[in-house]
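Chemist: Need a 3D model of the sequence below.
(chains A and B)
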Amino acid sequence: MSAAWALQVATFSRSLTARLTTVLLVAFPPLMSVGMVMIARAADAAGPAAAKLAPYRDGTIGEAVTALSGQVVSVVALIGVGFAVAWLVGREWADRTLGSLFALPVTRGQIARAKLLVIAAWSAACITLAMALTAGALALADPGSFTGAVAGQLARVWVAGLLMAALALGFGWVAVRFRGYLGAAGAIIAVTAASQILAMLGLGAWVPYIAPAMWAGAGGPAEAAAIGPASLLAAAAFAGLAAWASVRAFARTRLG
Amino acid sequence: MSALELSDAVRTYGGLRALDGLCLSVEPGEIHAIIGLNGAGKTTAMKAMVGQTALDEGTVRIFGEDVAHAAPTTLARVGFAIDQPFGYPELTVRANIVLAARLHGLDRADAEAAASSWIARLELGRWAGRGARGLSLGNRQRLGLACIAAHAPDLLILDEPTNALDPAGVLLLRDVLVAAAARGAGVLVSSHHLDEVSRMAHRITVVHAGRVVGTLQPGQTDLEHRFFEVVRAWDADHRDDARVRAEAHA
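Modeler: Sure, this is the predicted structure:
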(Lines give C-alpha, C1' and ligand atoms only; values in the text may rest on other atoms or scores of the structure.)
Protein backbone atom coordinates (compact mmCIF):
# COMPACT_ATOMS: atom_id res chain seq x y z
CA MET A 1 0.00 0.00 0.00
CA SER A 2 1.48 3.34 -1.02
CA ALA A 3 1.99 6.08 1.56
CA ALA A 4 -0.58 8.33 -0.14
CA TRP A 5 -3.18 5.56 -0.19
CA ALA A 6 -2.41 4.54 3.42
CA LEU A 7 -2.86 8.12 4.63
CA GLN A 8 -6.22 8.50 2.91
CA VAL A 9 -7.51 5.13 4.08
CA ALA A 10 -6.47 5.93 7.66
CA THR A 11 -8.01 9.40 7.75
CA PHE A 12 -11.21 8.59 5.86
CA SER A 13 -11.95 5.38 7.78
CA ARG A 14 -11.72 7.25 11.10
CA SER A 15 -13.87 10.18 10.05
CA LEU A 16 -17.40 10.94 11.16
CA THR A 17 -18.20 11.85 7.55
CA ALA A 18 -17.36 8.32 6.41
CA ARG A 19 -19.54 6.75 9.09
CA LEU A 20 -22.55 8.94 8.35
CA THR A 21 -22.34 8.66 4.57
CA THR A 22 -21.79 4.89 4.76
CA VAL A 23 -25.07 4.56 6.67
CA LEU A 24 -26.75 6.85 4.14
CA LEU A 25 -25.45 4.90 1.13
CA VAL A 26 -25.94 1.38 2.48
CA ALA A 27 -29.08 1.56 4.61
CA PHE A 28 -31.19 4.27 3.03
CA PRO A 29 -31.81 2.70 -0.44
CA PRO A 30 -33.17 -0.67 0.77
CA LEU A 31 -35.11 0.87 3.67
CA MET A 32 -36.61 3.56 1.48
CA SER A 33 -37.42 1.52 -1.62
CA VAL A 34 -38.62 -1.76 -0.11
CA GLY A 35 -39.96 -0.13 3.06
CA MET A 36 -42.03 2.54 1.31
CA VAL A 37 -43.57 0.07 -1.13
CA MET A 38 -44.51 -2.32 1.68
CA ILE A 39 -46.01 0.54 3.72
CA ALA A 40 -47.95 1.75 0.68
CA ARG A 41 -49.45 -1.68 0.25
CA ALA A 42 -50.26 -2.21 3.90
CA ALA A 43 -53.98 -2.50 4.48
CA ASP A 44 -54.11 0.34 6.99
CA ALA A 45 -52.34 2.96 4.85
CA ALA A 46 -54.92 5.73 4.84
CA GLY A 47 -55.32 9.50 5.23
CA PRO A 48 -53.05 12.13 3.61
CA ALA A 49 -50.16 9.65 3.40
CA ALA A 50 -52.25 7.32 1.29
CA ALA A 51 -52.30 9.75 -1.66
CA LYS A 52 -48.53 10.21 -1.51
CA LEU A 53 -48.02 6.46 -1.35
CA ALA A 54 -50.43 5.75 -4.21
CA PRO A 55 -47.75 5.54 -6.96
CA TYR A 56 -46.05 2.75 -5.03
CA ARG A 57 -49.17 0.58 -5.32
CA ASP A 58 -48.89 0.37 -9.13
CA GLY A 59 -47.66 -2.87 -10.68
CA THR A 60 -46.09 -5.72 -8.79
CA ILE A 61 -44.09 -5.15 -5.61
CA GLY A 62 -40.90 -5.92 -7.54
CA GLU A 63 -41.68 -3.34 -10.21
CA ALA A 64 -42.57 -0.68 -7.63
CA VAL A 65 -39.40 -1.35 -5.63
CA THR A 66 -37.13 -1.07 -8.67
CA ALA A 67 -38.83 2.16 -9.81
CA LEU A 68 -38.38 3.76 -6.39
CA SER A 69 -34.88 2.35 -6.05
CA GLY A 70 -33.81 4.15 -9.23
CA GLN A 71 -34.81 7.50 -7.73
CA VAL A 72 -33.34 6.87 -4.29
CA VAL A 73 -29.99 5.40 -5.32
CA SER A 74 -29.29 8.13 -7.89
CA VAL A 75 -29.87 10.95 -5.42
CA VAL A 76 -28.20 9.26 -2.45
CA ALA A 77 -25.10 8.36 -4.50
CA LEU A 78 -24.65 11.93 -5.69
CA ILE A 79 -25.22 13.53 -2.30
CA GLY A 80 -23.52 10.90 -0.09
CA VAL A 81 -20.44 10.44 -2.25
CA GLY A 82 -20.35 14.18 -2.95
CA PHE A 83 -20.16 15.03 0.74
CA ALA A 84 -17.49 12.38 1.28
CA VAL A 85 -15.34 13.81 -1.52
CA ALA A 86 -15.95 17.35 -0.32
CA TRP A 87 -14.77 16.41 3.17
CA LEU A 88 -11.73 14.34 2.16
CA VAL A 89 -10.44 17.12 -0.11
CA GLY A 90 -11.69 20.20 1.73
CA ARG A 91 -10.55 19.05 5.18
CA GLU A 92 -6.95 19.80 4.22
CA TRP A 93 -7.87 23.51 4.37
CA ALA A 94 -10.41 23.29 7.20
CA ASP A 95 -8.00 21.39 9.49
CA ARG A 96 -4.96 23.30 8.19
CA THR A 97 -3.20 20.07 7.24
CA LEU A 98 -2.50 21.06 3.63
CA GLY A 99 0.75 22.84 4.45
CA SER A 100 2.43 19.56 5.44
CA LEU A 101 1.75 18.08 2.00
CA PHE A 102 4.29 20.31 0.21
CA ALA A 103 7.90 19.42 -0.62
CA LEU A 104 7.32 15.69 -0.09
CA PRO A 105 8.63 12.80 -2.18
CA VAL A 106 4.94 11.90 -2.56
CA THR A 107 3.40 14.57 -4.80
CA ARG A 108 0.11 16.32 -4.13
CA GLY A 109 -1.11 14.83 -7.41
CA GLN A 110 -0.50 11.34 -6.01
CA ILE A 111 -2.25 12.32 -2.79
CA ALA A 112 -5.26 13.68 -4.72
CA ARG A 113 -5.46 10.52 -6.84
CA ALA A 114 -5.38 8.44 -3.65
CA LYS A 115 -8.23 10.53 -2.22
CA LEU A 116 -10.44 9.92 -5.26
CA LEU A 117 -9.51 6.23 -5.47
CA VAL A 118 -10.37 5.68 -1.81
CA ILE A 119 -13.73 7.36 -2.33
CA ALA A 120 -14.33 5.40 -5.55
CA ALA A 121 -13.57 2.04 -3.92
CA TRP A 122 -15.61 2.84 -0.80
CA SER A 123 -18.61 4.14 -2.75
CA ALA A 124 -18.60 1.16 -5.12
CA ALA A 125 -18.63 -1.19 -2.12
CA CYS A 126 -21.43 0.75 -0.41
CA ILE A 127 -23.64 0.92 -3.50
CA THR A 128 -23.08 -2.75 -4.26
CA LEU A 129 -24.01 -3.66 -0.70
CA ALA A 130 -27.08 -1.40 -0.82
CA MET A 131 -28.32 -3.09 -3.99
CA ALA A 132 -27.66 -6.55 -2.56
CA LEU A 133 -29.67 -5.61 0.55
CA THR A 134 -32.46 -4.22 -1.63
CA ALA A 135 -32.58 -7.43 -3.66
CA GLY A 136 -32.47 -9.54 -0.50
CA ALA A 137 -35.24 -7.55 1.16
CA LEU A 138 -37.39 -7.80 -1.95
CA ALA A 139 -36.78 -11.54 -2.17
CA LEU A 140 -37.91 -11.91 1.44
CA ALA A 141 -40.89 -9.54 1.13
CA ASP A 142 -42.36 -10.88 -2.10
CA PRO A 143 -40.31 -13.60 -3.83
CA GLY A 144 -43.00 -14.07 -6.48
CA SER A 145 -42.48 -10.62 -7.97
CA PHE A 146 -38.68 -10.93 -8.09
CA THR A 147 -38.59 -11.78 -11.78
CA GLY A 148 -35.71 -11.74 -14.21
CA ALA A 149 -36.87 -8.37 -15.48
CA VAL A 150 -36.88 -6.96 -11.96
CA ALA A 151 -33.35 -8.31 -11.35
CA GLY A 152 -32.23 -6.73 -14.62
CA GLN A 153 -33.70 -3.39 -13.58
CA LEU A 154 -31.96 -3.58 -10.20
CA ALA A 155 -28.67 -4.20 -12.01
CA ARG A 156 -29.36 -1.09 -14.10
CA VAL A 157 -29.96 0.93 -10.92
CA TRP A 158 -26.64 -0.38 -9.56
CA VAL A 159 -24.78 0.79 -12.68
CA ALA A 160 -26.53 4.18 -12.50
CA GLY A 161 -25.54 4.47 -8.84
CA LEU A 162 -21.90 3.81 -9.68
CA LEU A 163 -22.07 6.40 -12.44
CA MET A 164 -23.61 9.00 -10.10
CA ALA A 165 -20.86 8.24 -7.55
CA ALA A 166 -18.22 8.80 -10.24
CA LEU A 167 -19.87 12.10 -11.16
CA ALA A 168 -19.66 13.17 -7.50
CA LEU A 169 -15.83 13.00 -7.65
CA GLY A 170 -15.93 16.34 -9.46
CA PHE A 171 -16.96 18.08 -6.25
CA GLY A 172 -13.32 17.67 -5.22
CA TRP A 173 -12.52 20.40 -7.73
CA VAL A 174 -15.04 22.72 -6.06
CA ALA A 175 -13.50 21.95 -2.65
CA VAL A 176 -10.07 22.99 -3.98
CA ARG A 177 -11.37 26.16 -5.62
CA PHE A 178 -13.25 27.21 -2.46
CA ARG A 179 -10.46 26.03 -0.12
CA GLY A 180 -12.65 23.89 2.12
CA TYR A 181 -15.71 21.68 2.12
CA LEU A 182 -18.40 24.33 2.58
CA GLY A 183 -18.24 25.55 -1.01
CA ALA A 184 -18.45 21.98 -2.27
CA ALA A 185 -21.41 21.27 0.01
CA GLY A 186 -23.18 24.26 -1.51
CA ALA A 187 -22.36 23.00 -5.00
CA ILE A 188 -23.83 19.56 -4.20
CA ILE A 189 -27.09 21.15 -3.09
CA ALA A 190 -27.13 23.48 -6.12
CA VAL A 191 -26.46 20.65 -8.60
CA THR A 192 -29.14 18.47 -6.99
CA ALA A 193 -31.72 21.25 -7.12
CA ALA A 194 -30.80 22.32 -10.66
CA SER A 195 -30.98 18.70 -11.81
CA GLN A 196 -34.56 18.40 -10.53
CA ILE A 197 -35.58 21.54 -12.39
CA LEU A 198 -33.85 20.59 -15.64
CA ALA A 199 -35.33 17.08 -15.47
CA MET A 200 -38.83 18.56 -15.06
CA LEU A 201 -38.20 20.72 -18.13
CA GLY A 202 -37.32 17.60 -20.11
CA LEU A 203 -33.65 18.57 -20.61
CA GLY A 204 -32.13 15.67 -18.72
CA ALA A 205 -30.80 13.42 -21.47
CA TRP A 206 -27.64 15.48 -22.02
CA VAL A 207 -27.09 16.73 -18.49
CA PRO A 208 -24.47 14.43 -16.90
CA TYR A 209 -25.98 14.61 -13.41
CA ILE A 210 -29.47 13.66 -14.70
CA ALA A 211 -29.01 11.11 -17.49
CA PRO A 212 -27.98 8.14 -15.27
CA ALA A 213 -30.88 8.79 -12.88
CA MET A 214 -33.38 8.92 -15.74
CA TRP A 215 -31.88 5.77 -17.26
CA ALA A 216 -32.39 4.05 -13.89
CA GLY A 217 -36.08 4.90 -14.01
CA ALA A 218 -36.15 7.96 -11.74
CA GLY A 219 -38.40 9.77 -14.24
CA GLY A 220 -40.51 6.79 -15.25
CA PRO A 221 -40.26 4.16 -18.01
CA ALA A 222 -40.77 6.60 -20.91
CA GLU A 223 -37.90 8.86 -19.85
CA ALA A 224 -35.69 5.84 -19.16
CA ALA A 225 -36.24 4.60 -22.70
CA ALA A 226 -35.16 7.99 -24.05
CA ILE A 227 -31.65 7.66 -22.56
CA GLY A 228 -29.33 5.96 -25.02
CA PRO A 229 -25.73 4.78 -24.69
CA ALA A 230 -24.44 8.11 -26.00
CA SER A 231 -26.00 10.00 -23.06
CA LEU A 232 -24.45 7.57 -20.58
CA LEU A 233 -21.07 7.71 -22.29
CA ALA A 234 -21.21 11.50 -22.17
CA ALA A 235 -21.97 11.36 -18.43
CA ALA A 236 -19.08 8.92 -17.88
CA ALA A 237 -16.73 11.12 -19.89
CA PHE A 238 -17.78 14.17 -17.86
CA ALA A 239 -17.16 12.22 -14.63
CA GLY A 240 -13.66 11.33 -15.83
CA LEU A 241 -12.93 14.91 -16.84
CA ALA A 242 -14.20 16.28 -13.52
CA ALA A 243 -12.09 13.76 -11.56
CA TRP A 244 -9.02 14.70 -13.60
CA ALA A 245 -9.71 18.40 -12.94
CA SER A 246 -9.99 17.68 -9.20
CA VAL A 247 -6.59 15.98 -9.13
CA ARG A 248 -4.97 18.70 -11.22
CA ALA A 249 -6.36 21.51 -9.06
CA PHE A 250 -5.17 19.85 -5.84
CA ALA A 251 -1.74 19.18 -7.34
CA ARG A 252 -1.35 22.85 -8.31
CA THR A 253 -2.80 24.51 -5.25
CA ARG A 254 -0.75 26.82 -3.04
CA LEU A 255 -1.36 28.27 0.38
CA GLY A 256 -1.14 31.86 -0.89
CA MET B 1 26.87 22.51 -1.73
CA SER B 2 24.42 24.42 0.45
CA ALA B 3 21.55 22.47 1.95
CA LEU B 4 19.28 25.43 1.20
CA GLU B 5 19.73 28.57 -0.83
CA LEU B 6 17.13 31.32 -1.18
CA SER B 7 18.26 33.98 -3.64
CA ASP B 8 16.85 37.46 -4.35
CA ALA B 9 13.39 36.45 -3.18
CA VAL B 10 10.56 38.89 -3.85
CA ARG B 11 6.95 38.26 -2.84
CA THR B 12 4.29 40.93 -2.88
CA TYR B 13 0.76 40.86 -1.51
CA GLY B 14 -1.06 43.74 -3.16
CA GLY B 15 1.08 46.77 -2.37
CA LEU B 16 3.02 45.04 0.42
CA ARG B 17 6.46 43.61 -0.35
CA ALA B 18 6.61 40.74 2.15
CA LEU B 19 9.97 39.66 0.70
CA ASP B 20 12.16 42.34 -0.84
CA GLY B 21 15.22 40.66 -2.30
CA LEU B 22 15.80 38.30 0.62
CA CYS B 23 18.82 36.00 0.42
CA LEU B 24 19.43 33.19 2.91
CA SER B 25 21.42 29.99 2.93
CA VAL B 26 21.88 27.00 5.22
CA GLU B 27 25.00 24.88 5.12
CA PRO B 28 25.19 21.20 6.11
CA GLY B 29 25.87 20.84 9.83
CA GLU B 30 24.78 24.38 10.57
CA ILE B 31 21.96 25.77 12.71
CA HIS B 32 21.02 29.06 11.11
CA ALA B 33 18.54 31.13 13.11
CA ILE B 34 16.53 33.96 11.59
CA ILE B 35 14.99 36.49 13.89
CA GLY B 36 12.72 39.40 13.17
CA LEU B 37 9.61 41.24 14.23
CA ASN B 38 6.13 40.02 13.26
CA GLY B 39 5.62 40.70 9.56
CA ALA B 40 9.35 40.79 8.83
CA GLY B 41 9.00 38.08 6.17
CA LYS B 42 10.35 35.03 8.02
CA THR B 43 7.29 32.83 7.57
CA THR B 44 6.71 33.96 3.98
CA ALA B 45 10.32 33.08 3.19
CA MET B 46 9.94 29.62 4.73
CA LYS B 47 6.67 29.06 2.86
CA ALA B 48 8.43 29.90 -0.38
CA MET B 49 11.27 27.50 0.47
CA VAL B 50 8.90 24.51 0.49
CA GLY B 51 6.62 25.68 -2.32
CA GLN B 52 3.64 26.62 -0.17
CA THR B 53 3.72 30.05 -1.76
CA ALA B 54 5.14 31.13 -5.11
CA LEU B 55 7.82 33.76 -5.42
CA ASP B 56 7.33 36.71 -7.77
CA GLU B 57 11.09 36.79 -8.27
CA GLY B 58 14.05 34.78 -7.02
CA THR B 59 14.92 31.13 -6.64
CA VAL B 60 14.90 28.38 -4.01
CA ARG B 61 17.43 25.59 -4.30
CA ILE B 62 17.51 22.57 -2.00
CA PHE B 63 20.72 20.55 -2.22
CA GLY B 64 21.37 22.33 -5.52
CA GLU B 65 17.98 21.56 -7.09
CA ASP B 66 15.17 24.00 -7.82
CA VAL B 67 12.57 23.12 -5.20
CA ALA B 68 9.75 23.20 -7.77
CA HIS B 69 11.41 20.45 -9.79
CA ALA B 70 13.40 18.63 -7.13
CA ALA B 71 13.63 14.84 -7.35
CA PRO B 72 11.69 12.76 -4.81
CA THR B 73 15.00 11.52 -3.39
CA THR B 74 16.00 15.13 -2.73
CA LEU B 75 12.66 16.04 -1.15
CA ALA B 76 12.95 12.93 1.06
CA ARG B 77 15.90 14.72 2.71
CA VAL B 78 13.72 17.62 3.88
CA GLY B 79 11.57 18.09 6.95
CA PHE B 80 9.70 21.25 7.83
CA ALA B 81 7.12 22.66 10.23
CA ILE B 82 5.74 26.00 9.13
CA ASP B 83 2.67 27.66 10.62
CA GLN B 84 0.89 24.37 11.49
CA PRO B 85 2.81 21.22 12.45
CA PHE B 86 1.99 17.90 10.77
CA GLY B 87 -0.84 16.06 12.50
CA TYR B 88 -4.26 14.75 11.47
CA PRO B 89 -6.60 15.15 14.46
CA GLU B 90 -8.46 11.85 13.96
CA LEU B 91 -5.25 9.78 13.86
CA THR B 92 -3.32 8.62 16.90
CA VAL B 93 0.06 10.08 17.74
CA ARG B 94 1.77 6.88 16.57
CA ALA B 95 -0.22 6.67 13.32
CA ASN B 96 0.60 10.29 12.53
CA ILE B 97 4.34 9.71 12.95
CA VAL B 98 4.28 6.46 10.94
CA LEU B 99 2.36 8.04 8.07
CA ALA B 100 4.51 11.17 8.08
CA ALA B 101 7.64 9.04 7.89
CA ARG B 102 6.16 7.02 5.02
CA LEU B 103 5.24 10.21 3.17
CA HIS B 104 8.90 11.20 3.56
CA GLY B 105 10.03 7.98 1.89
CA LEU B 106 10.50 5.40 4.67
CA ASP B 107 9.02 1.95 4.15
CA ARG B 108 6.43 0.69 6.60
CA ALA B 109 8.79 -1.28 8.86
CA ASP B 110 11.31 1.56 9.12
CA ALA B 111 8.50 4.05 9.73
CA GLU B 112 7.11 1.92 12.59
CA ALA B 113 10.56 1.64 14.17
CA ALA B 114 11.21 5.37 13.77
CA ALA B 115 7.83 6.18 15.34
CA SER B 116 8.61 4.09 18.43
CA SER B 117 12.02 5.72 18.74
CA TRP B 118 10.67 9.28 18.44
CA ILE B 119 7.73 8.67 20.77
CA ALA B 120 10.28 7.70 23.42
CA ARG B 121 12.70 10.49 22.55
CA LEU B 122 10.08 13.24 22.74
CA GLU B 123 8.36 11.67 25.77
CA LEU B 124 5.06 11.15 23.97
CA GLY B 125 4.54 7.61 25.29
CA ARG B 126 1.50 8.47 27.41
CA TRP B 127 -0.30 9.81 24.36
CA ALA B 128 0.98 7.38 21.69
CA GLY B 129 -2.35 5.59 21.30
CA ARG B 130 -4.54 8.66 21.64
CA GLY B 131 -5.93 10.86 18.92
CA ALA B 132 -3.96 13.98 18.10
CA ARG B 133 -7.19 15.96 18.52
CA GLY B 134 -6.93 15.60 22.30
CA LEU B 135 -3.33 16.80 22.62
CA SER B 136 -2.35 20.07 24.24
CA LEU B 137 -0.79 22.65 21.93
CA GLY B 138 2.66 21.88 23.31
CA ASN B 139 2.29 18.15 22.73
CA ARG B 140 0.94 18.81 19.23
CA GLN B 141 4.15 20.72 18.62
CA ARG B 142 6.18 17.76 19.91
CA LEU B 143 4.16 15.49 17.61
CA GLY B 144 4.86 17.82 14.71
CA LEU B 145 8.57 17.67 15.47
CA ALA B 146 8.50 13.86 15.53
CA CYS B 147 6.63 13.83 12.21
CA ILE B 148 9.26 15.91 10.42
CA ALA B 149 12.31 14.37 12.09
CA ALA B 150 11.49 10.63 12.07
CA HIS B 151 12.97 10.15 8.59
CA ALA B 152 16.27 11.75 9.69
CA PRO B 153 16.20 14.64 7.19
CA ASP B 154 19.33 16.43 6.02
CA LEU B 155 17.53 19.79 6.03
CA LEU B 156 15.14 20.96 8.74
CA ILE B 157 13.09 24.14 8.41
CA LEU B 158 11.21 25.19 11.53
CA ASP B 159 9.06 28.28 12.00
CA GLU B 160 8.68 29.26 15.66
CA PRO B 161 9.08 25.68 16.92
CA THR B 162 9.17 26.68 20.59
CA ASN B 163 6.15 28.98 20.80
CA ALA B 164 3.91 26.44 22.60
CA LEU B 165 6.54 24.28 24.27
CA ASP B 166 7.10 24.11 28.01
CA PRO B 167 10.69 24.39 29.30
CA ALA B 168 11.14 20.60 29.08
CA GLY B 169 9.92 20.66 25.51
CA VAL B 170 12.29 23.49 24.63
CA LEU B 171 15.22 21.44 25.96
CA LEU B 172 14.11 18.39 23.96
CA LEU B 173 13.82 20.50 20.82
CA ARG B 174 17.25 21.98 21.35
CA ASP B 175 18.73 18.51 21.76
CA VAL B 176 17.05 17.33 18.57
CA LEU B 177 18.31 20.27 16.52
CA VAL B 178 21.83 20.13 17.93
CA ALA B 179 21.98 16.38 17.28
CA ALA B 180 20.67 16.86 13.73
CA ALA B 181 23.37 19.44 13.01
CA ALA B 182 26.00 17.20 14.59
CA ARG B 183 25.19 14.42 12.11
CA GLY B 184 25.48 16.91 9.24
CA ALA B 185 21.96 18.22 8.74
CA GLY B 186 21.35 21.88 7.97
CA VAL B 187 18.80 23.55 10.21
CA LEU B 188 16.94 26.80 9.57
CA VAL B 189 14.91 28.00 12.53
CA SER B 190 12.96 31.17 13.22
CA SER B 191 12.26 32.14 16.78
CA HIS B 192 11.29 34.96 19.08
CA HIS B 193 13.12 33.29 21.95
CA LEU B 194 16.40 35.10 21.48
CA ASP B 195 18.14 33.50 24.46
CA GLU B 196 17.31 30.06 23.12
CA VAL B 197 18.49 31.01 19.65
CA SER B 198 21.72 32.38 21.10
CA ARG B 199 22.43 29.07 22.83
CA MET B 200 22.08 26.75 19.86
CA ALA B 201 22.58 28.70 16.62
CA HIS B 202 25.83 28.84 14.67
CA ARG B 203 24.63 31.86 12.72
CA ILE B 204 21.94 34.46 13.47
CA THR B 205 20.46 36.62 10.73
CA VAL B 206 18.17 39.57 11.34
CA VAL B 207 15.31 39.78 8.84
CA HIS B 208 13.37 43.01 8.59
CA ALA B 209 11.08 44.49 5.92
CA GLY B 210 11.51 41.38 3.79
CA ARG B 211 15.30 41.48 3.59
CA VAL B 212 18.43 40.68 5.56
CA VAL B 213 19.43 43.75 7.59
CA GLY B 214 22.21 42.36 9.74
CA THR B 215 23.76 39.48 11.61
CA LEU B 216 24.31 38.84 15.30
CA GLN B 217 27.01 36.89 17.04
CA PRO B 218 25.69 33.72 18.76
CA GLY B 219 26.48 33.47 22.42
CA GLN B 220 26.85 37.20 22.98
CA THR B 221 25.07 38.83 25.87
CA ASP B 222 22.05 41.09 25.59
CA LEU B 223 21.04 39.74 22.20
CA GLU B 224 17.66 41.44 22.44
CA HIS B 225 19.23 44.87 22.78
CA ARG B 226 21.56 44.26 19.84
CA PHE B 227 18.66 42.99 17.72
CA PHE B 228 16.73 46.23 18.23
CA GLU B 229 19.85 48.26 17.47
CA VAL B 230 20.13 46.56 14.07
CA VAL B 231 16.43 47.01 13.28
CA ARG B 232 16.29 50.65 14.39
CA ALA B 233 19.46 51.48 12.50
CA TRP B 234 17.98 50.07 9.33
CA ASP B 235 14.70 51.93 9.87
CA ALA B 236 16.59 55.19 10.40
CA ASP B 237 18.65 54.67 7.24
CA HIS B 238 15.56 53.91 5.17
CA ARG B 239 13.07 56.40 6.59
CA ASP B 240 13.19 58.40 3.39
CA ASP B 241 12.56 55.28 1.28
CA ALA B 242 9.53 54.47 3.39
CA ARG B 243 8.19 58.02 2.96
CA VAL B 244 8.64 57.82 -0.83
CA ARG B 245 6.86 54.46 -0.92
CA ALA B 246 3.99 55.79 1.21
CA GLU B 247 3.60 58.83 -1.06
CA ALA B 248 3.65 56.62 -4.13
CA HIS B 249 0.78 54.56 -2.69
CA ALA B 250 -1.20 57.63 -1.58
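
Chemist: Kindly report the residues of chain B close to chain A.
Modeler: B:47, B:49-54, B:62, B:67, B:70, B:72-73, B:75-76, B:78, B:80, B:82-91, B:95, B:99-100, B:102-105, B:147 (Cβ under 8 Å from any Cβ of the partner chain). Yep, even glycine has a C-beta here, placed from its N, CA and C like the rest.

Chemist: Show me these that map onto helices.
Modeler: Here DSSP state H is the test, and the residues of chain B next to chain A give B:47, B:49, B:72-73, B:75, B:95, B:99-100, B:102-103, B:147 as lying in helices.

Chemist: Would you write a ChimeraX line that selects the buried entries of those?
Modeler: Applying 16 or more other Cβ atoms under 10 Å in any protein chain shown to those, the buried members can be selected in ChimeraX as follows:
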select /B:47,49,75,95,99,100,102,103,147
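
Chemist: Got the confidence number for residue A:44?
Modeler: pLDDT for residue A:44: 67.

Chemist: What sits closest to the spatially most central residue of chain B if chain neighbours are left out?
Modeler: Chain B has residue B:158 as the residue nearest its centroid, 2.1 Å off, counting by Cα atoms, centre = their mean. In this structure, residue B:158 finds its nearest non-sequential neighbour in residue B:189, 4.7 Å apart by Cβ to Cβ, 6 or more residues apart in numbering or on different chains.

Chemist: What of residue B:67?
Modeler: In space, residue B:67 is closest to residue B:60, 4.4 Å off (Cβ to Cβ, 6+ apart).

Chemist: from what I can see, that neighbour looks like it's in a strand, true?
Modeler: Yes. Judged by DSSP: H, G, I helix; E, B strand; the rest coil, residue B:60 forms part of a strand.

Chemist: Is it in contact with residue B:66, as I believe?
Modeler: Yes. Using Cβ atoms under 8 Å, residue B:60 is in contact with residue B:66, at 7.1 Å.

Chemist: Tell me which of the two has more neighbours.
Modeler: Neighbours were tallied for residue B:60 and for residue B:66 using other Cβ atoms under 10 Å in any protein chain shown; the higher tally belongs to residue B:60 (22 against 10).

Chemist: which residues does that one bridge with?
Modeler: Residue B:60 has these beta-bridge partners by DSSP bridges: residue B:6.

Chemist: all helices of the chain, in order?
Modeler: Since you didn't name a chain, this refers to chain A. Assigned by DSSP H, the helices in chain A fall at A:3-13, A:16-40, A:48-53, A:61-94, A:108-141, A:148-168, A:171-177, A:181-200, A:211-215, A:221-226, A:229-252.

Chemist: my question was about chain B
Modeler: B:42-49, B:72-75, B:93-103, B:108-121, B:137-149, B:167-182, B:194-200, B:223-237, B:239-249.

Chemist: The shortest one: how far from the chain's middle?
Modeler: So that's helix B:72-75. Helix B:72-75 sits 18 Å away from the centroid of its parent chain (Cα atoms, centre = their mean, to the nearest Å).

Chemist: And the lowest mean pLDDT element among the helices and strands of chain A?
Modeler: Sorting the helices and strands of chain A by mean pLDDT, DSSP states H and E puts helix A:48-53 at the bottom, at a mean of 75.

Chemist: who does it touch, helix- and strand-wise?
Modeler: If you count contacts as 3 or more Cβ pairs under 8 Å, 6 or more residues apart in numbering or on different chains; DSSP states H and E, helix A:48-53 packs onto helix A:16-40.

Chemist: List the buried residues of the helix it packs on.
Modeler: A:17-18, A:21-22, A:24-26, A:28-30, A:32-34, A:36-38, A:40.

Chemist: Can you tell me the number of residues neighbouring residue B:105?
Modeler: Counted with other Cβ under 10 Å, the neighbours of residue B:105 add up to 19.

Chemist: Quick one: residues contacting the residue nearest to it when sequence neighbours are not counted.
Modeler: Of all residues not flanking residue B:105 in the chain, residue B:76 sits nearest, at 3.6 Å (Cβ to Cβ, 6+ apart). Residues in contact with residue B:76 (Cβ atoms under 8 Å, 6 or more residues apart in numbering or on different chains) are A:105, B:104-105, B:151, B:153.

Chemist: could these be laid out in CSV, adding pLDDT and distance to residue A:91?
Modeler: Below are the contacts of residue B:76 laid out as CSV (pLDDT from 0 to 100; distance: Cβ to Cβ, whole Å):
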residue, pLDDT, distance to residue A:91
A:105, 97, 22
B:104, 97, 21
B:105, 96, 24
B:151, 97, 24
B:153, 98, 26
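
Chemist: By neighbours, which of those residues wins?
Modeler: Most surrounded of the contacts of residue B:76: other Cβ under 10 Å gives residue B:104, at 27 neighbours.

Chemist: Check the gap between it and residue A:102 for me.
Modeler: Per Cβ to Cβ, to the nearest Å, residue B:104 is found 12 Å from residue A:102.
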